[in-house]
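S.K.: model the structure of this input:
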Amino acid sequence: MPRRAVLALVAVLVVVVGGLVVWRSSQSTTALSHALELAPAGTSRSSWTDWEGVRREVGAEVDASSSADDVDAFVADAFGADLTSMSALGTSAGTMQEELGLSPATISWELLAQSGDGAVELMGVGDDVDLDDVADRLDGLGWTRPDDDDDVWVGGTTVLASVGALTPELQHFALLRDRGIVMASDQAAFLEQAVEVAKGDADGAGDLAGLAAGLEDPVAAAVYSGDYACEHLAMAQADDDAQAEADQLVAAAGGVHPLTGFAMGLLPDGDVRALLQVEDSDDAPDDADARAGLASGPAPGQGGDFADRFSLEDASAEGRVVTLDLRPREGEYVLSDLTSGPVLFATC
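M.R.: Numbers count the residues shown, from 1 in each chain. Predicted coordinates for the structure are as follows:
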């Protein structure tokens, strides 16, 4: 082949390979993983609710013009379907709709990111939310307007109490118009730090974002750091008899390795996916086998068997991540039940 033709072929291959890399990279970014990239580094526990997805799941027609009662009724219906157990806004929905001009009826998604330093609520907003109107409402209700539009609106407990039934996480606000995000926290100083992350001026929770991408687009999800998962999902949460039974079951399964991350999400088809990340990819296949066995047997500390709650549809390992695909039994709230301990198949 002539040299010129070879060079042309190489150039084409470079473009194609580069395009594939970009395409694959873009496919790995989900709404949840993007939201986690905007959350502060050091986030150990995050709770996700895709409110657009929730509205689709229950067939709700609520919007910016809906009454507070209609919004509260929508949230109640969604709660009954285990779609809102990860939300921090459920009890605030009607008041938010009436007083603030944004609520679970209009926001796109919600992420509550928590760490030892503080907690921040992130809300994605689209055309259904007029942030200029939200700003005017905050001003009229007593929040202190910042000098710059995207800085922190300071409120506090007194302002919050004067508005009505609102979660403490809504004490202080930041309206990031160019990013389509509203942020809130019960600590003004922590919110200021979180805003820097959302603006791209500080690092976010990229480690959790990478893991969460494996959930694809869940309607609701919890994503934990390894330290948090190993403490709060541990069998140490159970009584002595349950711990002794768990030790025997883990030994019989061949043992497991400590987790460096954990995520569980409720998918749009009603299935639940659990992602369990270990430190070494060489350990993941063995962990997949062991944790699949544990997820198919007794549930000490929870009562009964896991098979009473769900069927294990698939177990696999890729890289450092073990994936368990679960199909909940009718009437079982798998996501809300198994994102707090003790959870044997998530033990460290």
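S.K.: pretty sure S281 sits against D287.
M.R.: No. Between S281 and D287 there is no contact under Cβ atoms under 8 Å: 10.4 Å. All C-beta atoms are positioned from the backbone trio N, CA, C, and that covers glycine.
S.K.: which one's more surrounded, these two?
M.R.: D287 (24 against 13; other Cβ atoms under 10 Å).
S.K.: helix or strand: which one has the more buried one?
M.R.: Under the criterion of DSSP states H and E, D287 resides in helix 284-294.
S.K.: quick check: mean pLDDT across that helix?
M.R.: Across helix 284-294, the average pLDDT comes to 98.
S.K.: whichever helix or strand comes after that helix pairs with which strands?
M.R.: Under the assignment DSSP H and E, the closest C-terminal helix or strand after helix 284-294 is strand 310-318. Sheet pairing for strand 310-318, assigned by DSSP bridges, gives strand 321-328 (antiparallel).
S.K.: ok now the strand it pairs with, how far from the chain's centre?
M.R.: Centre-to-centre, strand 321-328 and its host chain are 16 Å apart (Cα atoms, centre = their mean, to the nearest Å).
S.K.: got the contact list for the helix or strand following that strand?
M.R.: Where DSSP H and E defines the elements, the next helix or strand beyond strand 321-328 is helix 334-337. Residues outside helix 334-337 that contact it (Cβ atoms under 8 Å, 6 or more residues apart in numbering) are 82, 85-86, 220-222, 264-266, 272, 302, 309-310, 326, 328.
S.K.: which ones are touching L112?
M.R.: Counting by Cβ under 8 Å, 6+ apart, L112 touches 46-47, 86-88, 119-122, 169.
S.K.: can you give me the end-to-end distance of stretch 203-222?
M.R.: Chord length of stretch 203-222, first to last residue, is 21 Å (Cα to Cα, to the nearest Å).
S.K.: mean confidence score for it?
M.R.: The model assigns stretch 203-222 a mean pLDDT of 96.
S.K.: with stretch 339-348 instead?
M.R.: 95.
S.K.: and for stretch 77-94?
M.R.: For stretch 77-94, mean pLDDT is 95.
S.K.: end-to-end on that stretch?
M.R.: Chord length of stretch 77-94, first to last residue, is 14 Å (Cα to Cα).
S.K.: likewise for stretch 194-203?
M.R.: End-to-end for stretch 194-203, by Cα to Cα: 10 Å.
S.K.: residues of it that come out buried?
M.R.: Residues of stretch 194-203 classed as buried: 194-195, 197-198 (neighbour count, 16 or more other Cβ atoms under 10 Å).
S.K.: any chance of those in CSV, with secondary structure too?
M.R.: As requested, those are exported to CSV (DSSP: H, G, I helix; E, B strand; the rest coil):
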residue, secondary structure
A194, helix
V195, helix
V197, helix
A198, helix
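S.K.: what is the nearest of those residues to A105?
M.R.: Of all the buried residues of stretch 194-203, A105 sits closest to A198, with 23.3 Å by Cβ to Cβ.
S.K.: how about the closest one, nearest residue that isn't a chain neighbour?
M.R.: Excluding the flanking residues, the one nearest A198 by Cβ to Cβ, 6 or more residues apart in numbering is L38, at 4.6 Å.
S.K.: does the one you found really touch K199, like I thought?
M.R.: No. Taking contacts as Cβ under 8 Å, L38 lies outside contact range of K199: 9.2 Å.
S.K.: quick check on the contacts of L112: which are buried?
M.R.: Buried by 16+ other Cβ under 10 Å: 46-47, 86-88, 119-122, 169, out of those.
S.K.: re the thing from before, how far off strand 321-328 does the helix holding D287 point, in degrees?
M.R.: Computed by axes from the mean of the first three to the mean of the last three Cα atoms, to 10 degrees, the angle separating helix 284-294 from strand 321-328 equals 20 degrees.
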